[in-house]
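Q: Quick one: sequence plus predicted model below, questions after.
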There are 2 protein chains.
Amino acid sequence: MARTSTLEIIPLGGLGEFGMNMMVYRIGRDCLLVDTGMMFPGAEHLGVDVVIPNMDFLSECGTIHGIVLTHGHEDHIGALPYVLARHDVPVWCSRYTGHLVKARLKEHSGNQAAIRSFPEENEALTIGPFTVETVPVAHSIPQACMLAIHTELGTVVHTADFKLDPSPPGGEGTDLRRLSELGDRGVLALLSDSTNAMVPGTTPGELSVRPALDSLIGQADRRVLVASFASNIQRIRQLTELASRHGRKIALVGSSLISHTDIARSLGLLSFPAGSRMMPADLMNLPPEKALLVVTGSQGEPMSALSRIAVHNHKDVSIEEGDLLIHSARVIPGNEKSISRLFNHLLRRGARLVTGRDAAVHVSGHPAQEELKLIQQLLRPRFFIPIHGEYGQLSAHAALAAEMGIPHERIVLAESGDLIALDGTTCQVVDRVPAGQVFIDAALGKVDLSVLKDRRKIAGDGIVVAVISLDRDSGEVRKPTEFVSRGFLAEDEQDGIMDLAAAVVRDTISEATHEERIDEALLRAKLLSDLKRFFRKKTQRRPMIIPVLVEF
Amino acid sequence: MARTSTLEIIPLGGLGEFGMNMMVYRIGRDCLLVDTGMMFPGAEHLGVDVVIPNMDFLSECGTIHGIVLTHGHEDHIGALPYVLARHDVPVWCSRYTGHLVKARLKEHSGNQAAIRSFPEENEALTIGPFTVETVPVAHSIPQACMLAIHTELGTVVHTADFKLDPSPPGGEGTDLRRLSELGDRGVLALLSDSTNAMVPGTTPGELSVRPALDSLIGQADRRVLVASFASNIQRIRQLTELASRHGRKIALVGSSLISHTDIARSLGLLSFPAGSRMMPADLMNLPPEKALLVVTGSQGEPMSALSRIAVHNHKDVSIEEGDLLIHSARVIPGNEKSISRLFNHLLRRGARLVTGRDAAVHVSGHPAQEELKLIQQLLRPRFFIPIHGEYGQLSAHAALAAEMGIPHERIVLAESGDLIALDGTTCQVVDRVPAGQVFIDAALGKVDLSVLKDRRKIAGDGIVVAVISLDRDSGEVRKPTEFVSRGFLAEDEQDGIMDLAAAVVRDTISEATHEERIDEALLRAKLLSDLKRFFRKKTQRRPMIIPVLVEF
């Protein structure tokens, strides 16, 4: 086929930061969108619930023929309601992912009809000029896949998240045979998961956690609680089997755990033998050595099941002296402190604690360096683009590719917002498109940056509103200025200070020039500067100050 | 000697949380205070600069005869100005620590005359009924010591922070011989550092970082920057030697680094051979392979030297492609994200990065499990109280003591605020005293909890002040209500909404009952509830709302 065109690859998120993975593939004006992820806000994003990529580019990029979701983790699907609210296009994904996003769209009153399942194995999925093939992969959520995107320029492999687990429980492994075939037929470009690109060696398979869990559960003489990610169905399957093996009943605690397991059961991916599962409240009536609870809240999220259990504030479950808590999850960077707070509460109540530091009770869902090289070896791509990671991970992954013999000019270390143009012979960043973080709070509300800045300012030293009553005719202060402050001084600290501040207002106004008196903006600026100086001198604090002039 | 009394030990901070170490020893009404530490606030403590222990107990505990500071780290000395402001008592410490606290007291206009140096080796330091002996220890700051507090009931050993480094550069090692003697004479109670009580094995000595640093600096072909803690003079001494060895000049960047090294030089603990040290700006003019810079900011603190260098915003120093940054410091829990952000900036500028994960470029200043056991073995205390750590560390340390054969009833797992009473035969928590965190912002200002709560509330959804003008006679609204909001909606999002809100105010007031009209509190409550409902419905946000009524 004649190569008449250029393939453009535009990451809108996920390169340069973890989370909010979103990638546009474009030929001419025809686009395919892969994944629509969100991320959780940092402590500095006051009052923000989720962070999604800037999507302005989607409105100007041409025709979006469809969206493909590689798997159901939030950092790959969480922004879908926001995308669909502006772009009514079909979405293809696995059945497992479909259940998750439909539930999410329902909450947002989004268009659930947009969601379609991937076609059967032998049917082609054609989206505009792209023929999208899904290759099953092992990951920490069911029905994850890589994409082989066939175009007139050649085939691009987009790994998304994956690991190489040769013996996954339930048989959901990575299809190495098909990857090898794709490699034989020629791969134009490989976009590969950089999450663990700084981790040497190989990521152990999911079954590797079994011996430690088996021995811990087998030896426990009281209740066992296991904190795990709700979407890790393989882990929950193993825990179900181990509970039975050691004569324990199992209960699931936490709403996300229940919705994930319900989906898995409806798809035949998980089952609880008759009588093996109980409701949490009922399980608590069994002898402690007969009970195993899987709980959400491994990251110390304040409202989660485990956090509430840890402070004896859960309606069904409580923790007692000698109970065992197994932390079968990773510590997501940024959550170290809340997790450590959680652990302290549990220890104070006499619980025993086993974490990934003490025993092999968790494995990563992402490939480490040896596996990343193996994938490159199988696929032998002409061009290499590391995706999913901060700059450190992306550049470590680029270094691995160089080690594998890919020439430097064929490795593209891009960041979100870069427009990568790729023809048969070159692959490079040629342009920038709008990109960045968009802050969202409850129910589809975008939080303006100016609003966030104000929140940060007020959060630092509080706010003081001065309600100043002026005589319309004389321009003098008619009654004492009323100060309303919040987050600034405690009530008993304010007394004398607010009286003095009222005197400052009176002086400022009586000393105002004629110009200032007739130009409210000038007068306001003068009041602002005098009050700022006064409060800083009196209190060493710099509250946000807002003078309100009321004339009458 | 007849045992007529009880020794009380009251930790006011540092047990149950890291930082703000402060301990009261009391016999009858006579007190000794050991360490006066602070901690840095978490992200949830909006606008707070430092956190210190609640010190109410110090005002009611009896006579404080003096304060002893074990070493100069902030979590042991940072609250001293706040203590001395309320209690004018003498303070004993090493000469190094003395320089640090005098500088701090100068900033706070505190009483520098209170600071005294420890007496010479053969002189006794008697503070009320306590005879305090200092035992030199190895730690990551010069002139640290353990205390052997001799009382009529027996000797209590308070380790504070220490490690067992048999070959410390500069010779500042732990005096094991003296500890062994103390053990032979009998130790009533041991209070020991739990920081690394969950870390198996032994903490390597300071010299163990030398081979890795030597090889990295030796092989570097461009500038080398080393991020290290300012107080780690041994580390700076090693870097000075290695710079010379590899033909590099050294510069120190960051004000805390300069003040610490100035003190160390004045005490003869550190020297720079003639011509070996340069000013940062001058060093940047040398060929890159001739330069080594020690920089502050290992924790990614936004205003630190390294953070400014990383974003090309430092007046003297810039980082260039191929420069090497060695992170020769630990990652303090809670700082993971800011450090990772820092690293990404450096990598993006083409710097190479070596951290403690890649090579042995940092060692802890605290003893691991084997050393903790060794100290117990040397001292053979009758009672054991783990100090310095969160609940997890304290309980791990208690478990080690049990392993060493100390009976359970002689191990006291206490928390800050517990009053531990100790006579010759028993040691137990018998009471609670006021304890907890006190939040401080700039210049000795205590931040009230109510103020922090308001800041958090405003930080979430912003604030709306409604200035409502009422006619004094009719009680009706005289002019449209003026709304002032911050952190709530962007300006262009407010238009229609504020007009509608003004209509809500008008309706609420015209529908008010006679009672509400004559009772301003009632009217305000009604306005508040109507406006809350209105804004929540319109915007899904819950700003703090403050109605201000202006009558005329």
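A: Alright, I've got the coordinates.
Q: what does the helix or strand containing A:R235 contact?
A: Element membership of A:R235, judged by DSSP states H and E, is helix A:233-245. With C-beta atoms under 8 Å, 6 or more residues apart in numbering or on different chains as the contact definition, helix A:233-245 has outside contacts at A:140-142, A:168-170, A:172, A:206-207, A:209-210, A:213-214, A:217-218, A:226, A:228-229, A:249-250, A:252, A:257, A:260-261, A:264, A:269-270, A:272-273, A:276-277, A:292, A:294, A:328. C-beta coordinates here come from the backbone N, C-alpha and C atoms, glycine included.
Q: Stretch A:400-409 now?
A: A:A197, A:Q369, A:L372, A:K373, A:Q376, A:Q377, A:P381, A:F383, A:F384, A:P386, A:I411, A:T426.
Q: Can you tell me which of these end up in helices?
A: Using DSSP state H, the subset of those located in helices is A:Q369, A:L372, A:K373, A:Q376, A:Q377.
Q: can you pick the most crowded of the residues you listed?
A: Of these, A:L372 is surrounded by the most neighbours, 28 neighbours in total, counting by other C-beta atoms under 10 Å in any protein chain shown.
Q: Name the residues of stretch A:412-427 that are buried.
A: For stretch A:412-427, the neighbour count (16 or more other C-beta atoms under 10 Å in any protein chain shown) marks A:V412, A:L413, A:A414, A:E415, A:S416, A:G417, A:D418, A:L419, A:I420, A:A421, A:L422, A:C427 as buried.
Q: ok, the second one - contacts?
A: Contact analysis of A:L413 by C-beta under 8 Å, 6+ apart lists A:P386, A:L394, A:S395, A:A398.
Q: Over to the third one?
A: With C-beta under 8 Å, 6+ apart as the criterion, the residues that contact A:A414 are A:P11, A:L15, A:I385, A:I420, A:V429.
Q: Which single strand of chain A contains the most residues?
A: Secondary structure assigned by DSSP state E gives strand A:477-486 as the longest strand of chain A.
Q: Could you list every helix and strand that it packs against?
A: strand A:463-470, helix A:491-510, helix B:449-461, strand B:544-551 (3 or more C-beta pairs under 8 Å, 6 or more residues apart in numbering or on different chains; DSSP states H and E).
Q: Can you tell me which of the contacts of A:A414 are classed as buried?
A: Among these, the ones that count as buried (16+ other C-beta under 10 Å) are A:P11, A:L15, A:I385, A:I420.
Q: Could you export those residues as CSV, including secondary structure?
A: Formatted as CSV, the buried ones among the contacts of A:A414 follow (DSSP: H, G, I helix; E, B strand; the rest coil):
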residue, secondary structure
A:P11, strand
A:L15, strand
A:I385, strand
A:I420, strand
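Q: Of these, which pair is most distant in space?
A: Distance extremes for the buried ones among the contacts of A:A414: the farthest pair is A:L15 and A:I420 at 10.1 Å, using C-beta to C-beta.
Q: A:L125: what's it in contact with?
A: Counting by C-beta under 8 Å, 6+ apart, A:L125 has contacts A:V68, A:W92, A:F118, A:P119, A:T131, A:V132, A:E133, A:T134.
Q: cool, and A:Y96?
A: So A:Y96 contacts A:G72, A:I141, A:P142, A:Q143, A:I263, A:A264, A:L267, A:L269 (C-beta under 8 Å, 6+ apart).
Q: wait, which of those is closest to chain B?
A: A:I141 (24.4 Å; C-beta to the nearest C-beta).
Q: How about the secondary structure of the nearest residue to the closest one once chain neighbours are set aside?
A: Nearest residue to A:I141, sequence neighbours excluded (C-beta to C-beta, 6 or more residues apart in numbering or on different chains): A:S231, at 4.3 Å. Put simply, A:S231 is coil when judged by three-state DSSP.
Q: measure A:S231 to A:E206 for me?
A: As for A:S231, its distance to A:E206 is 13 Å (criterion: C-beta to C-beta, to the nearest Å).
Q: Identify the contacts common to these two.
A: Joint contacts of A:S231 and A:E206 (C-beta under 8 Å, 6+ apart) are A:S140.
Q: got a list of what A:I67 touches?
A: So A:I67 contacts A:L32, A:L33, A:V34, A:T36, A:L80, A:V83, A:V89, A:P90, A:V91, A:W92 (C-beta under 8 Å, 6+ apart).
Q: farthest pair in these?
A: Farthest apart among these - using C-beta to C-beta - are A:L32 and A:L80, which lie 15.0 Å from each other.
Q: where does the residue nearest to A:C61 when sequence neighbours are not counted land in three-state SS?
A: Nearest residue to A:C61 in three dimensions, chain neighbours excluded: A:C31, at 5.2 Å (C-beta to C-beta, 6+ apart). Secondary structure, three-state DSSP: A:C31 is strand.
Q: how near is A:C31 to chain B?
A: As defined by C-beta to the nearest C-beta, to the nearest Å, A:C31 lies at a distance of 28 Å from chain B.
Q: any idea whether A:A281 is helix, strand or coil?
A: Once three-state DSSP is applied, A:A281 turns out helix.
Q: dump the residue contacts of the closest residue in space to it that isn't next to it in sequence.
A: Residue nearest to A:A281 in three dimensions, not counting chain neighbours: A:D316, with 4.2 Å by C-beta to C-beta, 6+ apart. Counting by C-beta under 8 Å, 6+ apart, A:D316 makes contact with A:V253, A:M279, A:P280, A:A281, A:M284.
Q: circling back: distance between the next helix or strand after the helix holding A:R235 and the chain's centre?
A: Proceeding N to C from helix A:233-245, the next assigned helix or strand is strand A:249-253, under DSSP H and E. Distance, stretch centre to chain centre, for strand A:249-253: 27 Å (C-alpha atoms, centre = their mean, to the nearest Å).
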